[in-house]
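*Asks:* need a structure here:
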Amino acid sequence: MSIFLFTKEVVNKGKNFVENMMQTQFDQIKVLDSLNDMQQINEDSVLQSKQVSVLLELEPEEYKNKVVSQFYSYLGFRDYFRMPLRYPYSLHCIDSLGNAQLFNEENVEQFDANSNGEISCELSNINTFTFNKNILIGTKTKKEREKQSLIYFGYDLNKKEIKEFKTEKELINYAKANGFNKEIEFFTCKKYYELF
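*Replies:* Coordinates of the predicted model:
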């Protein structure tokens, strides 16, 4: 009789364990569904932002109505920050919204995946920047022999060429020659990220 009771108790514990596991899995699925819903709401609100409207206006004619919405809505995950610029370019920051690196994402199909086809434009340590449909301009830091210096740069978004300038005046002249008509406002990465 005691073997029967012991066996019945083990079976009941096993049954309870399985039921608890199934309930835990069900609860986890509900949480993941909730997170997916929140992510969709966030992506939708990003797509409604004024900055995305500005970026859509800057889209080159050959890409009009062809760019996937995730290019504009995916802003990174945890300690990886992604900031779309004029298509197909974006800035990426790791760990903090400090220094950024420029990427060409023309070959990217899924923006929330690793090794997704993005190509570095060989422009990094960007501190401040602004852009129009033709160029990205700003400042970056350059470290040589334990000494940091501030470099003014211009990146031609069409020709994919980097230019460096010794003075801010040279940079402003380059900007005006490439379509900047009004007063130039530079963004930090943090300030730009907050526009979304």
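*Asks:* rest of the way, CA atoms for contacts and neighbours
*Replies:* Fine.
*Asks:* which residues in this protein form strands?
*Replies:* Under the criterion DSSP state E, strands of the chain are mapped to 76-77, 80-84, 89-94, 101-104, 119-120, 126-131, 135-144, 147-156, 161-165, 187-188.
*Asks:* Adjacent strands (with direction) for the first one?
*Replies:* Pairing partners of strand 76-77, with direction, according to DSSP bridges: strand 80-84 (antiparallel).
*Asks:* and the partner strand, how far out from the chain's middle?
*Replies:* 2 Å (C-alpha atoms, centre = their mean, to the nearest Å).
*Asks:* what's across from the most centrally placed residue in the chain in the sheet?
*Replies:* Central residue of the chain (C-alpha atoms, centre = their mean): residue 82, 1.4 Å from the mean position. According to DSSP bridges, the residues that bridge with residue 82 are residue 92.
*Asks:* my guess is it meets residue 72, correct?
*Replies:* No. With contact defined as C-alpha atoms under 8 Å, residue 82 and residue 72 do not form a contacting pair (9.7 Å).
*Asks:* what does stretch 99-112 contact?
*Replies:* 70-71, 74, 76, 87-94, 116-127, 140, 189 (C-alpha atoms under 8 Å, 6 or more residues apart in numbering).
*Asks:* What's the end-to-end length of it?
*Replies:* According to C-alpha to C-alpha, to the nearest Å, stretch 99-112 extends 21 Å from its N-terminal end residue to its C-terminal end residue.
*Asks:* List the buried residues for it?
*Replies:* By neighbour count, and taking 16 or more other C-alpha atoms under 10 Å as the criterion, the buried residues in stretch 99-112 are 99, 100, 101, 102, 103, 104, 105, 108, 111.
*Asks:* Brilliant, that's me finished.
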